[in-house]
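K.L.:
Need coordinates for the below:
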Amino acid sequence: MIIERIKIKCCYRVYLHVLMFLLLFYSADASAQVLNMYDAVNKAIAYYPLLQGRQAEITAGKAHISTVNGNRLPSLRLLNETTVGTSNSLPGAYFGLGTIPSASASIGNQNKYSLASGDIGISYLDWQFLTFGYYNAQVKEARAQLASSQAIYSGDKFLLSENVISLYLDLLKKYRLLQIEQENVQRMSIVFNAIKANVLSGLKPGVDSSTASAEYSRARIAYIQAWNDYKYDQVSMAAYTGIDSALVVPDTGIFAQAFLHKLYLFQPADSVSLSHPMLAIYQKQYEQQLANINTISKKYLPRLSVEGAGWVRGSSISPAGVYSSDLSNVMLYSRSNYLFGLTASYNLFDLKHRHDELVEGRYKAEAGKDIVLNEQLNLNRMLQQANTAYQGTLQKLNELPLQFNSSQQAYTQQMALYKAGLNTLIDVTNALYVLRQTETDIVLTQDDMMQLLYVKAGLSNQLDNFLQNFKP
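P.N.:
Numbering: from 1, shown residues only. I've put the predicted structure just below:
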């Protein structure tokens, strides 16, 4: 009798643990706000640092177009130089190597080491007004580079949206599995009450309380594991969105029958187009390479330039060659000149460089084109696989309600039989296991359906349309 009382006290203690556990869950759940999928994705897009960096690259690309457009402007240099030194010269030409200063004066019979001062002011204009399309090719290449940066941003945004949707659905799945484990713990409390009544009435042996205690412990462990799994995904969601995920819960309303019916009406396309964000990256990189080839073809063409210069000079040496002792009057300009010219330049040996660069560029372009086709084949294959899996998942979902109703009836009947003393605790726990497993199968299958639907939407480039269904 004493042993039976101890077992009953253990049941009461376990029952109190169940109540404390459920109160903890309900209090945390009641204070949380619902976070729908649409808001989760948009918060991630606005917060995630990678997309901010991609936006900066796009801004830099726009600035680069302005920089390249500036290449059309002429070069106009203004210079002024004051010098002090000797002035000796000899007849004969030499190449200016950048290290030999120029001395311009009359040629004397001997070197003179008296100092002379001089001043020169120069205005020099250089304008390549005709490049046979080279400037236009540079601008087109800059625009192609900007388009490539924009495609990379769109691709990263697409991948981020897919990751957040997948994570959100996984978080929702684990939240619903947590609720199942919570309900399982609640059912075990009902079993404990039945055990208490049967043990007190003598209908069942005391060993049932030990068995039920083990089943409760197993249910509690499953609940703790489900809680940990749910919290793990909460941390991941916070990293993507920047919000405190502990203050929000996923929207379980998306599995309401009316919402599912609306979602079934959403029919993604059955093929992958070149406008798909992941294909657009390779397509824009291919177009950028074509623009680079065009730039190379124009780079080595002849150039026509207009050049002009005007300058004034002053010197402490008189026109008669007399050196003045006053070196400070260099700003008294005594001579002025101007010069204009039309220059045509063309390097014949650049033909070899042009040929080599064009061959290299064409091979890169061909490789880029093949990558686009390969990625398109891969995405089409994935879409067809998703379509096949989706149809099978829908058929499975049609069978699960029947399984759930049967398992729920079986559990109710087994509990009634146990309370009447007509079966064993094992019969009840087996029915409870089947019911819990059926509920889990429903959650997992519905998650598979949602995951496949968003994959189909993503592969057919209708991810934004898919998200519109979840907009509050």
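K.L.:
distance of Ile165 from Leu279?
P.N.:
20 Å (CB to CB, to the nearest Å). For the C-beta atoms, the positions are set from N, CA and C on the backbone; glycine is no exception.
K.L.:
typo on my end, Met37
P.N.:
With CB to CB as the criterion, Met37 and Leu279 are 25 Å apart.
K.L.:
List the residue ranges of the protein that fall below the pLDDT cut-off.
P.N.:
Counting by pLDDT under 70, the chain shows low-confidence ranges at 1-31, 86-107, 196-209, 329-331.
K.L.:
Ile165 and Leu279: who's more crowded?
P.N.:
Using other CB atoms under 10 Å as the criterion, Ile165 and Leu279 rank with Ile165 on top: 25 against 22.
K.L.:
Quick one: residues contacting the more buried one.
P.N.:
Ile165 makes contact with 37, 41, 454, 463, 467, according to CB atoms under 8 Å, 6 or more residues apart in numbering.
K.L.:
farthest-separated two in those?
P.N.:
The span of the contacts of Ile165, defined through CB to CB, is set by Met37 and Leu463 at 11.4 Å.
K.L.:
returning to what we had before: and the contacts of Ile165 as JSON lines, adding distance to Glu366, secondary structure and neighbour count?
P.N.:
Listed next are those as JSON lines, based on distance: CB to CB, whole Å; DSSP: H, G, I helix; E, B strand; the rest coil; neighbours: other CB atoms under 10 Å:
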{"residue": "Met37", "distance to Glu366": "42", "secondary structure": "helix", "neighbour count": "24"}
{"residue": "Val41", "distance to Glu366": "37", "secondary structure": "helix", "neighbour count": "24"}
{"residue": "Tyr454", "distance to Glu366": "35", "secondary structure": "helix", "neighbour count": "23"}
{"residue": "Leu463", "distance to Glu366": "31", "secondary structure": "helix", "neighbour count": "23"}
{"residue": "Leu467", "distance to Glu366": "37", "secondary structure": "helix", "neighbour count": "20"}
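K.L.:
show me the biggest helix of the protein in terms of residues.
P.N.:
helix 350-419 (DSSP state H).
K.L.:
what packs against that one?
P.N.:
When contacts are defined as 3 or more CB pairs under 8 Å, 6 or more residues apart in numbering; DSSP states H and E, helix 350-419 sits against helix 134-201, helix 277-299, helix 425-459.
K.L.:
Let me have these in CSV, extended by distance to Ala219.
P.N.:
Compiled in CSV, the helices and strands packed on helix 350-419 are given as follows (distance: least, CB to CB, whole Å):
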stretch, distance to Ala219
helix 134-201, 5
helix 277-299, 44
helix 425-459, 9
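K.L.:
closest one to His64 among those?
P.N.:
The nearest among the helices and strands packed on helix 350-419, by CB to CB, is helix 134-201 at 5.2 Å.
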